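*Asks:* my questions concern the predicted model and sequence given below.
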Amino acid sequence: MQKNTIITGAAGGIGLAICEALLAQQHQVWAVDLDIGPLQELAIQYPQHLHRVALDVSDFKSVNAWLTPVLASHRIDELVCAAGVLQMGYVHELSPAAWQRTFAINTEGVFNLCQPLAAHMRAQRQGAIVIISSNAASTPRSNMSAYAASKAATTHFARCLALELAPFGIRVNSVSPGSTDTPMQQSMWQMGSSKDTVIYGSATDFRLGIPLQKIATPADIAQGVLFLLSDAASHICMHDLRIDGGATLDA
């Protein structure tokens, strides 16, 4: 059966890989991002399946204004929240604006989609939600306090939402990627980190490396998301799937 899926952060990095994978499975996909330009090629390739939506997920009123007619006319089976930003900075240097923007997108943006979709899925007594978090949610990271804190909040929100929706047959899970070869990761390398530091660790930063000795691709993360959305994961709920090559030693 064809499924209808909404995904945020769909125009780049992990979100784009998930979007591509969903389309390859013939899902109807509403692909949400601030800049939908990078989705042009997919729009040409999947003209009957891809619906591009230019939207700021941190703006609840805008999200609700777009979603209301969509939910009135379509059954939405799946939601993937992949929109996210990284604001680097030591706490003593971090601006309130950077902190607030991080939470506005990484945490409030998740709530802004999940709140109306929770009501929609409760009514239909079916659905699956996957929220992209980060292994930084459970592991302290120097120079990344805003990002790590926002993802920790997101991960726990996913658990609470899962508890509320499970009695209605709705599964909510999170995926926590480690270092993944995306523009976000590459921006960190431009700020003094390096690929080798990520893979082999850094004693200076009290950071472990990656036991598999490689960085994930966006497609690696997408496969985990597709599994959690699928019927093969029909009894998996409230789970946080870490896809990090063993970097957090499952701690």
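*Replies:* That came through fine.
*Asks:* now for the closest residue to Gly13 other than its chain neighbours, how many residues are close by?
*Replies:* Spatial nearest neighbour of Gly13, excluding adjacent residues (Cβ to Cβ, 6 or more residues apart in numbering): Thr182 at 3.5 Å. Where you see a C-beta, it was placed from the backbone N, CA and C, and this is true even at glycine. A count of neighbours around Thr182, defined by other Cβ atoms under 10 Å, yields 22.
*Asks:* ok, now Leu67?
*Replies:* With other Cβ under 10 Å as criterion, Leu67 counts 22.
*Asks:* surely it is within a helix?
*Replies:* Yes - counting by DSSP: H, G, I helix; E, B strand; the rest coil, one finds Leu67 located in a helix.
*Asks:* returning to that earlier point: ok, the residue nearest to Gly13 touching Gly12?
*Replies:* Yes - when contacts are counted by Cβ atoms under 8 Å, Thr182 is listed as touching Gly12 (7.3 Å).
*Asks:* please enumerate the shared neighbours of the two.
*Replies:* Residues touching both Thr182 and Gly12 by Cβ atoms under 8 Å, 6 or more residues apart in numbering: none at all.
*Asks:* one step back: let me see the backbone angles for the residue nearest to Gly13.
*Replies:* phi -130, psi 170 (degrees, to the nearest 10).
*Asks:* after the longest helix belonging to the chain, heading C-terminal, what element do we hit next?
*Replies:* Across the chain, the longest stretch assigned as helix under DSSP state H is helix 145-165. Next helix or strand after helix 145-165 toward the C-terminus (DSSP states H and E): strand 170-177.
*Asks:* quick one, what contacts Leu39?
*Replies:* Ala10, Ala11, Leu16, Cys19, Ala31, Asp33, Leu50, Arg52.
*Asks:* show me which of these is closest to Gly109.
*Replies:* Nearest to Gly109 out of the contacts of Leu39 is Asp33 (Cβ to Cβ; 11.3 Å).
*Asks:* the closest residue in space to that closest one that isn't next to it in sequence and Ala43, how far apart?
*Replies:* Nearest non-adjacent residue to Asp33, counting by Cβ to Cβ, 6+ apart: Ala11, 3.7 Å away. Taking Cβ to Cβ, to the nearest Å as the measure, Ala11 falls 11 Å from Ala43.
*Asks:* ranges for the helices of the stretch 151-251 of the chain?
*Replies:* Taking DSSP state H, counting those that start in this stretch as the test, the helices found in the stretch 151-251 of the chain are 183-189, 195-200, 218-229.
*Asks:* which of those helices sits most buried?
*Replies:* helix 218-229 (a mean of 21; mean count of other Cβ atoms under 10 Å).
*Asks:* for it, packing partners?
*Replies:* helix 13-24, strand 78-81, strand 127-132, strand 170-177, strand 240-243 (3 or more Cβ pairs under 8 Å, 6 or more residues apart in numbering; DSSP states H and E).
*Asks:* between the longest one and helix 218-229, how big is the angle?
*Replies:* Inter-element angle recorded for helix 13-24 and helix 218-229: 60 degrees (by axes from the mean of the first three to the mean of the last three Cα atoms, to 10 degrees).
*Asks:* what do you get for the fourth one?
*Replies:* Angle of strand 170-177 versus helix 218-229, following the same axes, to 10 degrees, is 160 degrees.
*Asks:* sorry, back to before: what's the least confident stretch among the helices of the stretch 151-251 of the chain?
*Replies:* The minimum mean pLDDT among the helices of the stretch 151-251 of the chain belongs to helix 183-189 (a mean of 68).
*Asks:* could you check the pLDDT of the closest residue to Thr8 other than its chain neighbours?
*Replies:* In this structure, Thr8 finds its nearest non-sequential neighbour in Ala83, 4.0 Å apart by Cβ to Cβ, 6+ apart. Note for Ala83: predicted pLDDT of 98.
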